[in-house]
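Asks: sequence-free structure coming up:
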């Protein structure tokens, strides 16, 4: 093939080397706008997985890289003078100039033509004259821009400012410095890349940057390759203690805002994107160079394996894009954590460090137990100490309170609609469903949304509390939970609003009933989606009636013996639709500003709180974002939570979305937890109000990680409990926990040990005195002039 590569960075050069080795007949030409000795930045970090692939693909490049690596396993975190070390991670880094030199020499030896100081020819000409055109021309890719209508790029400019320095201070490990200054929180990301120096990245929120006067050179146009000397001077002053008298090194160092690059497609005909042209991921989660070289490995393999270029590029995108998107999700979580780092300023230092280490959700508590058991044990002990607990136990099994209600653990069975009530009356199904979850070990079991009137139902199968018959049926469920378990049971009250009068879920979700529809109301005549009911705009008389219906349902709930009442103001149901500008287009006192949109939901909450005794907590579930362009955002969620707390909410149950069928949620593991985290640290925590995280939390490891990091006080799990009604008890068995946080019903005690899954003749050791050396030491430091390894 004739292959044209625009961009002679590590990704483009590595691809050229791989392709030339796969078939020396390939005619490969690389165009690089910079000189061969021009490079920006200092070090490059690799994972063991990437290095293994490099070793397999090209031993010459790998061996030369390995001879220059700085290696270590520790992460050092300094939080305002409090020092912590986390081991067992595994890093390898080298100088970016060294890497480029290795790749340049390798492609030259293989006969690849490289034109330095030369812009790539016009893309149309390249694709006409070559079998393959590779756009590895970076963040501001000219080729991607030319064919933007096909690639569908998006560039997301982030809020933090950062500047890339080096220093002649040689760190021994990955180093985070987090410093509270008079202007706000600033942080350093540092790591060694040789025996001569380290990368030293300074990052802070743009507001902090401006308050500190670091924006002084914002409008100054620096010559190519020049650095911001004013920034050097100021950073040297601010981080003088951390630099220990060492110099800051510069290389085209200037303040930047990170841009996350995504593309809907990675190829068009015979043109393909690689590296930063295709994607970027925040530097706090990994190296862009690493990702580009992994792209090159995948692309070379697909080109070698597939019969045509078109098939190869399709295979490359199918293989690589999901992997990169997963990395980008982790990177997004990480960069957002650093954007909001200031809100963690009040955290205990140990919890802050755990929060930092687990920020991307790729490292969890169980990961840390494997990598550094001593650090993990310290985190559990610190959590127990701060909770005033009698014993050190998994965080999920530490007791907690919601208002005056004490719970044995921090697991909630989240509300789940079952659609099997008869005329609003809960049946034996509800007794078994909720009773089994209570016996299964959760601290709190929540009913599904229980409707305050016949017209408040979502479907004909929804339960209610508008009659005494319904109250008595609910009391049967409540009495069972109280008699047979140590769980508590909560009542969720709601009104379907414009999402009512629909078929049962398995007959057609959100589809209007075929017959016997009832009138639905909403804040405005705006349907939930195409084919859905158009609601009648609620009048003042309607609202007055609905407030009274909530109050009467809450009164019946108290009579039934519920331990907690939750007002459902999420998921696009009536109260949620008043809160959201997507569904609320009113021009009266209930529409327009957030203050007005809160008016009716708060009125309902006040009515419920007024009839519920003080010892019974009243909580609220909210949608923290509408996942819509003009909808509520997480900033609005903080203010919504603040308003409900001011009206007496004992907990904020933080969900999201379901306000419109056109929503585009960013699904992923624990994807709603960052909203809970923000509400807890900006509003609820200081008010002593519990925050509940919910949404795609499915493992006890996720639960413990969320709690230990301080992102929430409790975790609500829904479908996980449908899969395993005894999930909490099984989680206790998996963690070898026996205690009051997971008390097995007496008839079930014989099952509290995890049963064997298969036979083995291996006799496990009774005592483990030494760490298996094959696993490697926990703590390895980069000490080029001394012994590099310290084992603990």
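Replies: Happy to help now that I have it. Quick caveat, the model's predicted, so the values are computed rather than measured.
Asks: how about the strands in the stretch 51-200 of the chain?
Replies: Ranges of strands in the stretch 51-200 of the chain, per DSSP state E, counting those that start in this stretch, are 70-72, 75-79, 82-86, 91-95, 113-116, 132-135, 153-167, 174-181, 184-192, 198-205.
Asks: roughly how far apart are the residue minimising distance to the centre of the chain and residue 781?
Replies: Residue closest to the mean C-alpha point of the chain, counted by C-alpha atoms, centre = their mean, is residue 333 at 4.4 Å. Residue 333 sits at a distance of 28 Å from residue 781 (criterion: C-beta to C-beta, to the nearest Å). Heads up, the C-betas are built off the backbone N, CA and C, glycines and all.
Asks: Likewise for residue 309?
Replies: Remark: distance between residue 309 and residue 781 (C-beta to C-beta) = 47 Å.
Asks: Ok, residue 678 next?
Replies: For residue 678, the distance to residue 781 equals 36 Å [C-beta to C-beta].
Asks: So for these two, which sits in the more crowded spot?
Replies: The neighbour count for residue 678 versus residue 781, taken as other C-beta atoms under 10 Å, is higher for residue 678 (23 against 20).
Asks: Where does the more buried one sit: helix, strand or coil?
Replies: Under DSSP: H, G, I helix; E, B strand; the rest coil, residue 678 falls in the helix class.
Asks: Low-confidence stretches in the stretch 651-792 of the chain?
Replies: Within the stretch 651-792 of the chain, the segments meeting pLDDT under 70 span 758-776, 785-792.
Asks: All the strands of it, residue numbers only.
Replies: For the stretch 651-792 of the chain, the strands defined by DSSP E, counting those that start in this stretch occupy 651-655, 690-694, 714-717.
Asks: Please identify which of those strands is closest to residue 8.
Replies: For residue 8, the closest of the strands of the stretch 651-792 of the chain is strand 690-694, at 46.2 Å, according to C-beta to C-beta.
Asks: So what does the residue nearest to the centre of the chain look like in phi/psi?
Replies: With angles defined as degrees, to the nearest 10, residue 333 sits at phi -60, psi -40.
Asks: Ok, residue 545 next?
Replies: The phi/psi pair for residue 545 (degrees, to the nearest 10) is phi -60, psi -40.
Asks: Point to the helix or strand of this protein where mean pLDDT is at its lowest.
Replies: helix 48-57 (a mean of 82; mean pLDDT, DSSP states H and E).
Asks: elements contacting that one?
Replies: Counting contacts by 3 or more C-beta pairs under 8 Å, 6 or more residues apart in numbering; DSSP states H and E, helix 48-57 packs against helix 59-66, helix 288-305.
Asks: Can you point out the buried residues in the shortest one?
Replies: The one in question is helix 59-66. 61, 62, 64, 65 (16 or more other C-beta atoms under 10 Å).
Asks: what's it in contact with?
Replies: Residues outside helix 59-66 that contact it (C-beta atoms under 8 Å, 6 or more residues apart in numbering) are 14, 17, 46, 51, 54, 55, 94, 99, 102, 103, 106.
Asks: contacting residues for the first one?
Replies: To tie it back to what came earlier, the one meant is residue 14. Residues in contact with residue 14 (C-beta under 8 Å, 6+ apart) are 61, 103, 292, 293, 296, 297.
Asks: Show me the helices in the stretch 201-350 of the chain, by range?
Replies: Secondary structure of the stretch 201-350 of the chain (DSSP state H, counting those that start in this stretch): helices at 206-211, 229-238, 240-243, 288-305, 309-339, 349-357.
Asks: should've said the stretch 451-600 of the chain
Replies: Taking DSSP H, counting those that start in this stretch, the helices of the stretch 451-600 of the chain run over residues 468-484, 505-508, 540-560, 574-579, 594-611.
Asks: from the chain's centre, how far out does the fourth one sit?
Replies: On the basis of C-alpha atoms, centre = their mean, to the nearest Å, helix 574-579 is displaced by 26 Å from the centre of the chain it belongs to.
Asks: ok, back up a step: just send the helices and strands packed on helix 48-57 back as TSV, with distance to residue 170 and mean pLDDT too.
Replies: Output for those, formatted as TSV (distance: least, C-beta to C-beta, whole Å; pLDDT from 0 to 100):
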stretch	distance to residue 170	mean pLDDT
helix 59-66	19	93
helix 288-305	21	95
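Asks: Can you say which of the ones you listed is nearest to residue 666?
Replies: Within these, the stretch nearest residue 666 is helix 288-305; the backing value is 20.1 Å (C-beta to C-beta).
Asks: Can you tell me which of the strands of the stretch 651-792 of the chain is most buried?
Replies: For these, the largest average neighbour count (mean count of other C-beta atoms under 10 Å) is found in strand 651-655, namely a mean of 28.
Asks: Need the contact partners of stretch 234-249.
Replies: Contacts to stretch 234-249, defined as C-beta under 8 Å, 6+ apart, come from residues 42, 78, 163, 165-169, 177, 179, 181, 186, 188, 197, 200, 202, 212-214, 232.
Asks: and the end-to-end length of it?
Replies: 14 Å (C-alpha to C-alpha, to the nearest Å).
Asks: mind listing what's buried in that stretch?
Replies: Buried, per 16+ other C-beta under 10 Å, within stretch 234-249: 234, 235, 238, 239, 242, 243, 248, 249.
Asks: Out of the residues you listed, which comes closest to residue 124?
Replies: Among these, and counting by C-beta to C-beta, the member closest to residue 124 is residue 249, at 41.5 Å.
Asks: how far away is the closest one from residue 181?
Replies: For residue 249, the distance to residue 181 (C-beta to C-beta) stands at 23 Å.
Asks: what's the answer for residue 669, then?
Replies: 34 Å.
Asks: neighbour-wise, which of these two wins?
Replies: Legend: neighbour count by other C-beta under 10 Å for residue 669 and residue 181, higher for residue 669 (17 against 14).
Asks: State the distance from the residue nearest to residue 172 when sequence neighbours are not counted to residue 353.
Replies: Closest residue in space to residue 172, ignoring its immediate chain neighbours: residue 781 at 4.2 Å, by C-beta to C-beta, 6 or more residues apart in numbering. Noted for residue 781: a distance of 18 Å to residue 353, by C-beta to C-beta.
Asks: again, but for residue 574
Replies: Applying C-beta to C-beta, the value for residue 574 to residue 353 is 43 Å.
Asks: Have a look at these two and say which one is more surrounded.
Replies: Shown here are residue 574 and residue 353; by other C-beta under 10 Å, residue 574 has more neighbours (30 against 27).
Asks: List the contacts of that one.
Replies: Contacts for residue 574 (C-beta under 8 Å, 6+ apart) come out as 456, 494, 495, 496, 497, 498, 521, 522, 546.
Asks: Pick the one among those residues closest to residue 710.
Replies: Using C-beta to C-beta, residue 494 comes nearest to residue 710 of the contacts of residue 574, at 29.4 Å.
Asks: Hmm, residue 777 is touching residue 73, no?
Replies: Yes: if you go by C-beta atoms under 8 Å, residue 777 and residue 73 touch, sitting 7.2 Å apart.
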